[in-house]
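1. This is the structure alone, sequence omitted:
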């Protein structure tokens with residue numbers, strides 16, 4: 001076995017080290033760390049290329065950490081590219097996986113060095129190549145196209161992504177569900193819960209301000225908000241945090257390290273998602289493994305929320321207000337959806353089962 005696998009997942013260091021002082025973690029990083037750890041247990045030689053966090057830790061849970069550039073905005077794009085290139089060479093892997101980070105570089109490296117590159121899609125934006133908000137540029141679209149076009153294999157999170165890749169790019173694309181670890185908890189803990197929870201990096205595309213508006217409209221309910229700064233929009237975090245101070249029924253918790261976050265899903269009655277667009281949010285999975293249904297404004301990948309009765313897909317702001325009140329008042333429906341949610345994740349997203357699919361993919365090269 002002993003195949004050398006490298007995950008280019010720059011923001012993964014906090015997850016790999018359980019570092020509570022590094023305040024950025026996204027779903028793309030989380031799923032790569034989960035699979036990386038599972039593959040390491042199976043005897044694969046696993047490395048992660050991460051940001052340079054000025055730490056001496058180089059091997060954690062049999063995973064080798066290879067540093068690249070730091071998050072400093074003073075580093076030029078050219079210098080970052082050169083540093084990343086050296087990190088890719090240092091990894092010397094047979095197969096490189098990437099779910100997020102600089103685009104266009106890794107496929108070029110793999111072509112030149114005869115390596116395999118697997119693109120792991122993180123959002124429906126990856127296949128649309130169009131503006132969702134003003135921060136997407138022409139260069140972003142070009143490098144995103146290059147990242148997909150020259151990948152040996154594409155991993156999709158949902159059917160929409162798979163069908164879009166196959167239609168637009170004529171590329172091999174396989175559907176592998178996002179992995180999650182299943183905690184040993186039980187349904188009895190969910191009774192008499194009344195907290196409405198929001199979890200996500202504070203970014204424009206997540207529309208965190210809408211959660212604040214929901215809390216204002218529903219003053220009789222308790223709301224909690226968890227989210228760290230985005231490295232691309234750090235000022236938005238401060239803006240949102242400032243606006244929460246006048247909302248008495250809303251508690252802004254800021255960044256919570258992933259290894260401490262499960263208790264907040266467990267104590268919540270509902271998870272709210274206000275994002276404009278996603279792929280398959282890991283926050284959904286983490287809510288569902290804790291028997292917590294999801295009410296989503298826009299996102300329902302492959303209509304799984306509706307079809308499997310795992311919560312409610314509101315579609316409009318007016319409806320999400322009604323849906324929250326309905327689900328909080330209807331204990332029987334909320335509990336039934338919570339049970340459905342846990343069962344769905346156990347059947348479709350268990351990390352050990354997903355790791356088996358990755359082993360099959362790796363053995364196909």
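-> Noted; the coordinates are in hand. Bear in mind that the values here come from a model prediction, so they are computed numbers and not experimental data.
2. how near is residue 11 to residue 180?
-> 18 Å (C-beta to C-beta, to the nearest Å). (C-beta placed from N, C-alpha, C; glycine too.)
3. now do residue 194
-> Relative to residue 180, residue 194 is positioned 25 Å away (criterion: C-beta to C-beta).
4. Those two: who's more crowded?
-> residue 180 (22 against 12; other C-beta atoms under 10 Å).
5. right, and that one touches residue 346 too?
-> No. With contact defined as C-beta atoms under 8 Å, residue 180 does not reach residue 346; the gap is 9.8 Å.
6. Common neighbours of these two, please.
-> Taking C-beta atoms under 8 Å, 6 or more residues apart in numbering as the contact rule, residue 180 and residue 346 both touch residue 289.
7. where are the low-confidence patches of the stretch 101-250 of the chain?
-> 128-137, 189-191 (pLDDT under 70).
8. cutoff 90 now
-> Scanning the stretch 101-250 of the chain for pLDDT under 90 picks out the ranges 101-104, 122-149, 164, 167-172, 183-194, 229-234, 246.
9. quick one, strands of it?
-> Secondary structure of the stretch 101-250 of the chain (DSSP state E, counting those that start in this stretch): strands at 116-120, 153-156, 173-175, 195-199, 222-226, 250-254.
10. Show me the one of those that comes nearest residue 46.
-> With C-beta to C-beta as the criterion, residue 46 lies closest to strand 116-120 of the strands of the stretch 101-250 of the chain, at 13.9 Å.
11. could you check the distance from residue 53 over to residue 109?
-> 23 Å.
12. Repeat that for residue 164.
-> 25 Å.
13. same question, residue 121
-> Counting by C-beta to C-beta, the gap from residue 121 to residue 109 is 20 Å.
14. what's the answer for residue 267, then?
-> Distance of residue 267 to residue 109, computed by C-beta to C-beta: 45 Å.
15. Check residue 232 too.
-> To residue 109, residue 232 is 24 Å away according to C-beta to C-beta.
16. domain ranges for the protein?
-> In terms of domains, the chain is parsed into 4-179+350-363, 187-348 (source: automatic domain parsing).
17. Spatially nearest residue to residue 146 (excluding sequence neighbours)?
-> Using C-beta to C-beta, 6 or more residues apart in numbering and skipping residues adjacent in sequence, the residue nearest residue 146 is residue 104, 4.4 Å away.
18. mind listing what's buried in stretch 284-295?
-> Neighbour-count burial for stretch 284-295, counted by 16 or more other C-beta atoms under 10 Å, picks out 284-295.
19. Can I get these in TSV including pLDDT, secondary structure and distance to residue 225?
-> Shown next, in TSV, are the buried residues of stretch 284-295 (pLDDT from 0 to 100; DSSP: H, G, I helix; E, B strand; the rest coil; distance: C-beta to C-beta, whole Å):
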residue	pLDDT	secondary structure	distance to residue 225
284	97	helix	17
285	96	helix	19
286	95	helix	15
287	96	helix	14
288	97	helix	20
289	95	coil	21
290	94	coil	17
291	95	coil	21
292	96	coil	15
293	97	coil	18
294	98	strand	16
295	98	strand	15
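20. Residue 121 and residue 109: who's more crowded?
-> Using other C-beta under 10 Å as the criterion, residue 121 and residue 109 rank with residue 121 on top: 26 against 18.
21. right, and that one touches residue 161 too?
-> Yes. Contact criterion C-beta under 8 Å: residue 121 and residue 161 qualify, at 5.1 Å.
22. Pull up the overlap in contacts between those two.
-> Listed as contacting both residue 121 and residue 161 by C-beta under 8 Å, 6+ apart are 127, 279.
23. For the stretch 101-250 of the chain, just list every one of the helices.
-> All helices of the stretch 101-250 of the chain, identified by DSSP state H, counting those that start in this stretch, fall at 105-113, 125-128, 138-149, 159-168, 208-217, 234-244.
24. Can you say which of those is nearest to residue 72?
-> helix 234-244 (12.8 Å).
25. Contact partners for the closest residue to residue 33 other than its chain neighbours?
-> Take residue 33 and drop its neighbours on the chain: the residue closest to it by C-beta to C-beta, 6+ apart is residue 15, 4.5 Å away. For residue 15, the residues meeting the contact criterion (C-beta under 8 Å, 6+ apart) are 25, 29-30, 33, 258.
26. so which of those residues is the most crowded?
-> Once you tally neighbours by other C-beta under 10 Å, residue 29 ends up highest among these, having 27 neighbours.
27. ok now do that one, which residues does it touch?
-> Contacts here follow C-beta under 8 Å, 6+ apart; on that basis residue 29 touches 9, 11-12, 15, 99-100.
28. go on, residue 248?
-> Counting by C-beta under 8 Å, 6+ apart, residue 248 makes contact with residue 219.
29. what do you get if the cut-off is 7 Å, keeping everything else the same?
-> Contact analysis of residue 248 by C-beta atoms under 7 Å, 6 or more residues apart in numbering lists nothing.
30. how close does it sit to residue 241?
-> Relative to residue 241, and taking C-beta to C-beta, residue 248 is found at 15 Å.
31. now swap in residue 186 and tell me
-> To residue 241, residue 186 is 35 Å away according to C-beta to C-beta.
32. now do residue 279
-> As judged by C-beta to C-beta, residue 279 and residue 241 stand 27 Å apart.
33. and these two? which has more neighbours close in?
-> Set side by side, residue 279 and residue 241 show more neighbours around residue 279, with 25 against 16, by other C-beta under 10 Å.
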